[in-house]
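Colleague: how would this look folded up:
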Amino acid sequence: MKKTTKISTLLVAIFFAVNMFATESSNTLSAPPKATTTTKTKTSTTKTTQPAKTTTPAKTKQPENGSITKTIQTKDGSTLKVTSDKDKTTITRTGSAQPPKTKSKTQKNESANKAFEGKGSKTISIGLGGSSFNAWFPTNGRGPMKWWHPFYGTLNVQTEFGVHKYVGVGFNIGVGACRNLNGFSRYSALLGYNEYSSFWSVSIPVAVAANFHFYQLIEDKTKKNIHGDKLDLYAGANLGAGPAFAFAKKGLTDNNGNPLKGDVGYVIFGGIQVGVKYYPKSKVGMFLEVGYGKTLVNGGVSFKM
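Modeller: Here you go, the predicted model:
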């Protein structure tokens, strides 16, 4: 009986020992999976949070097509924004109502609608009139002598080129003829008092001239419609010279009975002129000038080229 009790006690002790060993072994075996799970979770969390730290680099602000934007400040105070990519270039202007080139074209178009079209314009005028030149003929014993002031009827061709919005310059060439070389002094020791009626003359005056077209300026300053598209008033100055030819009238002699002969001299002149042009059509008009120098009075037709 005692042996049975001892054996039972021993078996119980062994059972508890085995049971305790099994429990500890079970705990030991279950721990690694829990650690592994924790490690994986941490690793997964780390991988998830790392991209969030690198989501705002500076390069990502540029468009994906690689376009480049440049800003330029212009002299008129406006700003040009130039955006370029592989396909196209876009220019945007801010801060200015109109670009300078557009303004220039507008001004040019405004001048083109006026009677005097300003810088770059060209006109040619053909007219008839009269002029009183200072004519000089050398003394050769049989022709007219010294200074004369004949009145020539003239056919004139004059051109004008616009060099400014209100200023034009040009040249004049004409052919003048007079019946008598009459002047302020009609007496000479050679011909006596009849010298003024003894010769007729032809001259070829050539002149340069400049005009200020003030009517266009008045219309621009007053900003009123005073028909500057059809009417042009101007004033200017001229200077010129040219050859002159004297021809003796038939049958006339000097005081000594010698037949008169012709002579070659020149005319020289200078003065001022004022004029008016009227264009009933855009390219064809009429003009009238008065003054001294190249003309006393002259009128005819003007053409815009």
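Colleague: ok, now which ones touch residue 296?
Modeller: Residue 296 sits next to 129-132, 151, 290 when contact means CB atoms under 8 Å, 6 or more residues apart in numbering. The C-beta positions use only the backbone N, C-alpha and C, and glycine is treated the same way.
Colleague: ok, now with 6 Å
Modeller: 130-132 (CB atoms under 6 Å, 6 or more residues apart in numbering).
Colleague: please, a PyMOL command that selects the buried ones among those?
Modeller: Applying 16 or more other CB atoms under 10 Å to the contacts of residue 296 leaves a buried subset, and the PyMOL line that selects it is:
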select buried, resi 131+132
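Colleague: so which of the contacts of residue 296 comes closest to residue 202?
Modeller: residue 131 (12.8 Å; CB to CB).
Colleague: and that closest one, how far is that from residue 275?
Modeller: The spacing between residue 131 and residue 275, counted by CB to CB, to the nearest Å, is 15 Å.
Colleague: now intersect the contacts of residue 296 with the strands, please.
Modeller: In strands, defined here by DSSP state E, the members of those are 130-132.
Colleague: please convert those residues to a markdown table, extending it with pLDDT and distance to residue 248.
Modeller: Output for the ones in strands among the contacts of residue 296, formatted as a markdown table (pLDDT from 0 to 100; distance: CB to CB, whole Å):
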| residue | pLDDT | distance to residue 248 |
| --- | --- | --- |
| 130 | 93 | 23 |
| 131 | 91 | 23 |
| 132 | 86 | 22 |
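Colleague: possible to save the contacts of residue 296 as JSON lines with distance to residue 281?
Modeller: Output for the contacts of residue 296, formatted as JSON lines (distance: CB to CB, whole Å):
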{"residue": "130", "distance to residue 281": "28"}
{"residue": "131", "distance to residue 281": "29"}
{"residue": "132", "distance to residue 281": "34"}
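Colleague: where does the chain dip in pLDDT?
Modeller: 1-9, 12-13, 15-66, 86, 96-112, 139-147, 182-197, 254-255 (pLDDT under 70).
Colleague: show me where it has strands.
Modeller: In the chain, the strands defined using DSSP E lie at 68-73, 79-84, 89-94, 122-132, 134-137, 146-148, 151-162, 167-178, 199-203, 206-212, 231-248, 263-278, 284-291, 297-304.
Colleague: from the contact counts, what lies against the longest one?
Modeller: In this structure, strand 231-248 makes packing contacts with strand 199-203, strand 206-212, strand 263-278, judged by 3 or more CB pairs under 6 Å, 6 or more residues apart in numbering; DSSP states H and E.
Colleague: redo that, cut-off 7 Å
Modeller: strand 199-203, strand 206-212, helix 214-222, strand 263-278 (3 or more CB pairs under 7 Å, 6 or more residues apart in numbering; DSSP states H and E).
Colleague: so which of the ones you listed is the most packed in?
Modeller: strand 199-203 (a mean of 22; mean count of other CB atoms under 10 Å).
Colleague: could you dump that strand to CSV, C-alpha only?
Modeller: Extracted C-alpha coordinates of strand 199-203, given in CSV (Å, rounded to 0.1, in the frame of the first residue of the first chain):
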residue,chain,number,x,y,z
PHE,A,199,15.4,141.4,-126.6
TRP,A,200,13.3,138.4,-125.6
SER,A,201,14.6,135.7,-123.3
VAL,A,202,14.2,132.1,-122.2
SER,A,203,15.4,130.8,-118.8
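Colleague: give me the angle between that strand and strand 167-178.
Modeller: What separates the directions of strand 199-203 and strand 167-178 is an angle of 150 degrees, with axes from the mean of the first three to the mean of the last three CA atoms, to 10 degrees.
Colleague: what's strand 199-203 packed up against?
Modeller: Packed next to strand 199-203, using 3+ CB pairs under 7 Å, 6+ apart, are strand 167-178, strand 231-248.
Colleague: okay, angle between the first one and strand 151-162 too, please.
Modeller: Read it as strand 167-178. Per the same axes, to 10 degrees, the angle that strand 167-178 makes with strand 151-162 is 160 degrees.
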